[in-house]
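1. following is a predicted model, sequence given first.
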Amino acid sequence: MIRNLLKVLFFPLLGRIRPTPAAPAKPPRDPAMANRLHIFHGTFTTELEATDYCLCAPGRNQPEPLTRDLPGATIDVNEVEIIFGAARIKGALSMLTSDPDALQRTIGDDNTLILIAEAAFFGLPYTLNDTPCLRYAGAFDAT
């Protein structure tokens, strides 16, 4: 009983002296995947529509449509790039893969590429698949 009384009396002083537990460390980034990009392709009417889909949340405390449509992944939208237009896509393909013709055949007539860097997943496990607006072309190591 006296011990409990001492705890109550000295808690304001001693309770704050105790060290706080350290925050868990972030998982280290794998340097082998620093150049890895996940490529999605689709068709949007305008570049603004593609940007809204990937980067703009519809409201407060709501995820971006891209993040909502990929529930198996936590995505940092700062690591998402949008390439809109056939001429830009053709220019970018040689930087994305050593076989740009094969990727061009996969993309077909779609006018938008969405590139998600490996860093966008915060080192957490993820699953990627097609969305209602985009098709997943796969992971590529940028050259």
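-> Yes, it's here.

2. how about Leu115, phi and psi?
-> phi -110, psi 130 (degrees, to the nearest 10).

3. nearest spatial neighbour of it, skipping sequence neighbours?
-> Spatial nearest neighbour of Leu115, excluding adjacent residues (Cβ to Cβ, 6 or more residues apart in numbering): Glu81 at 4.3 Å. (C-beta placed from N, C-alpha, C; glycine too.)

4. quick one, what contacts Tyr136?
-> Residues near Tyr136 by Cβ atoms under 8 Å, 6 or more residues apart in numbering: His38, Ile39, Phe40, Leu128, Asn129, Asp130.

5. and with 10 Å instead?
-> His38, Ile39, Phe40, His41, Leu70, Ile114, Ile116, Leu128, Asn129, Asp130 (Cβ atoms under 10 Å, 6 or more residues apart in numbering).

6. give the PyMOL command for selecting the buried subset of these.
-> Of these, the buried ones go into a single PyMOL selection, burial set by 16 or more other Cβ atoms under 10 Å:
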select buried, resi 38+39+40+41+70+114+116+128
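
7. of all the contacts of Tyr136, which two lie farthest apart?
-> Greatest spatial distance among the contacts of Tyr136 (Cβ to Cβ): His41 and Leu70, at 14.6 Å.

8. helices along this protein, start to end?
-> 2-14, 47-55, 65-69, 86-96, 100-107 (DSSP state H).

9. closest one to Ala142 among these?
-> Minimum separation from Ala142 across these (Cβ to Cβ) falls at helix 86-96, 5.8 Å.

10. would you mark the buried spots in that closest one?
-> Those would be Ile89, Ala92, Leu93, Leu96, for helix 86-96 by 16+ other Cβ under 10 Å.

11. with stretch 71-84 instead?
-> So, applying 16+ other Cβ under 10 Å, buried residues of stretch 71-84: Ala73, Ile75, Val80, Ile82, Ile83, Phe84.

12. show me the contacts for Asp109.
-> By Cβ under 10 Å, 6+ apart, the contact list for Asp109 reads His41, Thr43, Ala86.
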